[in-house]
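[1] missing the sequence, but the structure's below:
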């Protein structure tokens with residue numbers, strides 16, 4: 001599924017023009033005719049997710065700057081590209097300070113818009129991936145951190161969001177690597193218990209003779225090697241959520257004690273003399289069919305019904321292939337940043353190949369595959385040779401598959417941008433260079449020369465303010481301050 005671009009413009013001709021260019025870029029356009037409609041589309045829970053916004057600054061009612069303010073108030077992180085028919089520095093500074101990712105001047109050319117959208121989507125993917133990692137480490141993951149556009153996942157997400165508002169026990173089923181723990185953390189992070197501990201236990205990785213001790217705790221001297229008291233995972237998760245991963249691997253003897261803990265709301269440590277009351281929300285997960293284990297006598301039926309109150313089944317990646325391009329964009333942006341690699345994207349042939357693989361290891365396997373490709377690749381684009389594993393489903397006619405290439409860093413973008421699309425306040429210096437003298441033959445003030453150099457740099461680097469600041473060896477805040485001062489001086493001059 002292609003990225004969705006929201007286009008907000010009150011001019012029907014401009015809307016249609018930008019819509020055609022967005023479609024030509026390979027994205028899915030969503031068109032509205034006002035600022036209020038744009039905010040409604042961005043905040044509505046039932047509409048499709050929006051990846052970027054192309055926003056007209058001048059509209060009746062809620063204008064572009066008002067939309068940017070409301071986006072900021074709502075805490076939305078969607079990248080915004082503003083477009084305006086007026087190319088003054090005032091408009092540029094106001095829009096960028098209000099949170100715009102980039103700006104273009106009407107009528108925008110196809111190449112300029114294409115570059116802006118690619119940059120915006122790439123920056124958004126990297127920002128989202130870093131935020132997801134930070135939220136995971138801080139225990140603050142929510143459903144907005146789950147990357148999906150699949151219809152197969154929509155119902156699962158709705159059920160999980162409803163479950164988050166209660167303390168109902170949830171059993172998450174699905175193949176290894178589909179993201180069961182991510183869902184568990186999102187449920188916890190969206191619940192009233194989000195400020196309390198989230199404790200994860202991999203039941204399949206604990207030796208049988210230590211399961212009770214780790215879950216329920218033990219007293220000092222309770223068994224050989226128990227040199228000090230241990231409170232156990234239930235007590236550790238008190239007030240929060242206990243996530244029992246691979247719960248089907250628990251020994252039958254431990255299942256009895258777990259059932260009692262869930263029924264009574266108390267746990268008794270190994271070697272303990274009195275039970276301890278705990279308040280714990282239980283989320284369990286398994287990559288096996290628990291009901292089959294029950295029928296085979298390997299899992300207690302009464303415990304199954306205690307855990308299986310609200311089941312969630314996460315579909316395998318091969319059942320939601322439309323998520324693969326979005327996952328690839330996020331993983332590629334993340335690993336390129338981590339490994340300091342300047343990889344511009346993935347070829348169309350490789351994208352088609354990756355989209356056709358079965359991915360038995362699901363999202364975890366896809367993530368590791370991208371990581372390996374980024375590290376091992378010698379070129380600036382990942383091709384089919386960088387993904388040697390697996391066999392894709394062949395095309396029906398026997399021809400090689402060709403998909404839409406994934407571009408995350410347009411290496412040839414500056415050569416395609418027309419200079420007249422860059423907003424500037426006054427005329428630019430001629431090709432002959434900056435003139436050091438004014439019309440009267442006097443040396444020009446240093447401030448005038450500085451302003452002209454900045455305007456020239458903005459034009460030369462196609463309005464990329466970070467690059468302008470880097471090349472001039474000043475900070476972005478300093479650059480914006482100087483632009484503010486130049487604009488204020490121009491207004492004062494006009495007033496006199």
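    Sure thing, it's come through. None of the values given here were measured: they were computed from a predicted structure. Numbering: from 1, shown residues only.

[2] Check this protein for its longest helix and report it.
    Using DSSP state H, we find that the single longest helix of the chain is helix 110-138.

[3] Pull out the buried positions in that one.
    111-126, 128-129, 132, 135 (16 or more other Cβ atoms under 10 Å). In this view, the C-beta of every residue, glycine as well, is placed from N, C-alpha and C.

[4] I'd like to know which elements that helix is packed against.
    With contacts taken as 3 or more Cβ pairs under 8 Å, 6 or more residues apart in numbering; DSSP states H and E, helix 110-138 sits against helix 12-24, strand 52-56, strand 80-84, strand 102-105, helix 324-339, helix 413-416.

[5] Just the angle for the longest one relative to helix 110-138, thanks.
    Think helix 324-339. Comparing the axes of helix 324-339 and helix 110-138 via axes from the mean of the first three to the mean of the last three Cα atoms, to 10 degrees yields an angle of 70 degrees.

[6] Please give the centre-to-centre distance between stretch 375-391 and its chain.
    The chain centre lies 24 Å from the centre of stretch 375-391; the measure is Cα atoms, centre = their mean, to the nearest Å.

[7] next one: stretch 18-32
    21 Å.

[8] Kindly report the same for stretch 57-66.
    Worked out by Cα atoms, centre = their mean, stretch 57-66 lies 27 Å from the chain centre.

[9] In it, which residues are buried?
    For stretch 57-66, the neighbour count (16+ other Cβ under 10 Å) marks 57-59, 62-66 as buried.

[10] Likewise for stretch 263-270?
    Buried residues in stretch 263-270 (16+ other Cβ under 10 Å): 267-270.

[11] returning to that earlier point: most packed of the helices and strands packed on helix 110-138?
    Comparing the helices and strands packed on helix 110-138 on average neighbours per residue, with mean count of other Cβ atoms under 10 Å, the densest one is strand 52-56 at a mean of 27.

[12] just to revisit the earlier point, quick one, the longest helix of the chain and strand 52-56 angle?
    130 degrees.

[13] Can you name the next helix or strand after helix 110-138?
    On the C-terminal side of helix 110-138, the closest following helix or strand by DSSP states H and E is helix 151-164.

[14] For residue 182, find the nearest of the helices and strands packed on helix 110-138.
    helix 324-339 (12.2 Å; Cβ to Cβ).

[15] Quick one: the strands in this structure, in order.
    Using DSSP state E, the strands found in the chain span residues 4-8, 28-32, 52-56, 80-84, 102-105, 170-173, 198-202, 241-245, 266-267, 276-277, 281-286, 310-313, 345-346, 406-407.

[16] Mean pLDDT lowest where, among those strands?
    Out of the strands of the chain, strand 406-407 stands lowest, with a mean of 66 (criterion: mean pLDDT).

[17] Next, count neighbours for residue 273.
    Residues near residue 273, counting by other Cβ atoms under 10 Å, number 7.

[18] Can you give me the distance of it to residue 49?
    54 Å (Cβ to Cβ, to the nearest Å).

[19] on that earlier part again, of the buried residues of stretch 57-66, just say which sits nearest to residue 311.
    Using Cβ to Cβ, the buried residues of stretch 57-66 come closest to residue 311 at residue 62, 43.7 Å.

[20] how long is stretch 54-74 end to end?
    18 Å (Cα to Cα, to the nearest Å).

[21] Can you give the distance from it to the centre of its chain?
    Distance, centroid of stretch 54-74 to centroid of chain: 23 Å (Cα atoms, centre = their mean).

[22] Per-residue confidence, residue 347, what does it come out as?
    88.

[23] typo on my end, it should be residue 449
    65.

[24] do the same with the one 4 residues further on
    The per-residue pLDDT reported for residue 453 equals 78.

[25] Residue 472 is in contact with that one, correct?
    Yes: judged on Cβ atoms under 8 Å, residue 453 makes contact with residue 472 at a distance of 7.4 Å.

[26] of these two, who's got more company?
    Neighbour totals were compared for residue 453 and residue 472, and residue 472 leads with 16 against 13 (other Cβ under 10 Å).

[27] Distance check, the more buried one against residue 97.
    Distance from residue 472 to residue 97, by Cβ to Cβ: 19 Å.

[28] Please enumerate the helices of the stretch 151-300 of the chain.
    Along the stretch 151-300 of the chain, counting by DSSP state H, counting those that start in this stretch, helices occupy 151-164, 180-189, 211-216, 233-236, 252-264, 290-295.

[29] So which of those is nearest residue 370?
    Short answer: helix 180-189, nearest of the helices of the stretch 151-300 of the chain by Cβ to Cβ, at 17.1 Å.

[30] Mind giving me the packing neighbours of that closest one?
    helix 151-164, strand 170-173, strand 198-202, strand 241-245, strand 281-286.

[31] can you list contacts of that helix?
    With contacts defined as Cβ atoms under 8 Å, 6 or more residues apart in numbering, helix 180-189 is touched by 135-136, 139-143, 145-146, 156, 160, 163-164, 170, 172-174, 194, 198, 200, 240-241, 243, 245, 281, 283, 285, 287, 312, 314.

[32] returning to that earlier point: could I get the buried residues of stretch 263-270 in CSV, plus columns for distance to residue 369?
    CSV is the format used below for those (distance: Cβ to Cβ, whole Å):
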residue, distance to residue 369
267, 42
268, 46
269, 44
270, 43
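
[33] Closest to residue 221 out of the residues you listed?
    Distances from residue 221 to these, taken by Cβ to Cβ, are shortest for residue 270, at 10.5 Å.

[34] Check the nearest residue to residue 309 once chain neighbours are set aside and give its pLDDT.
    Take residue 309 and drop its neighbours on the chain: the residue closest to it by Cβ to Cβ, 6 or more residues apart in numbering is residue 169, 4.5 Å away. Model confidence at residue 169, given as pLDDT, is 95.

[35] and residue 169, how many neighbours?
    Around residue 169 there are 17 residues (other Cβ under 10 Å).

[36] Does it touch residue 285 like I think?
    No: applying Cβ under 8 Å, one finds residue 169 not in contact with residue 285, separated by 11.8 Å.

[37] In contact with residue 302, which residues?
    Residue 302 neighbours (Cβ under 8 Å, 6+ apart): residue 259.

[38] what's the pLDDT at it?
    pLDDT recorded at residue 302 is 94.

[39] And it, how close does it get to residue 337?
    For residue 302, the distance to residue 337 (Cβ to Cβ) stands at 49 Å.

[40] Equivalent analysis for residue 63, please.
    35 Å.

[41] neighbours around the closest residue to residue 211 other than its chain neighbours, how many?
    Among residues not flanking residue 211 along the chain, residue 254 sits closest, at 4.6 Å (Cβ to Cβ, 6+ apart). Applying other Cβ under 10 Å, we find 19 residues neighbouring residue 254.

[42] sorry, back to before: any chance of the helices and strands packed on helix 180-189 in TSV, plus distance to residue 353 and mean neighbour count?
    TSV is the format used below for those (distance: least, Cβ to Cβ, whole Å; neighbours: other Cβ atoms under 10 Å):
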stretch	distance to residue 353	mean neighbour count
helix 151-164	22	16
strand 170-173	29	24
strand 198-202	33	19
strand 241-245	32	24
strand 281-286	31	24
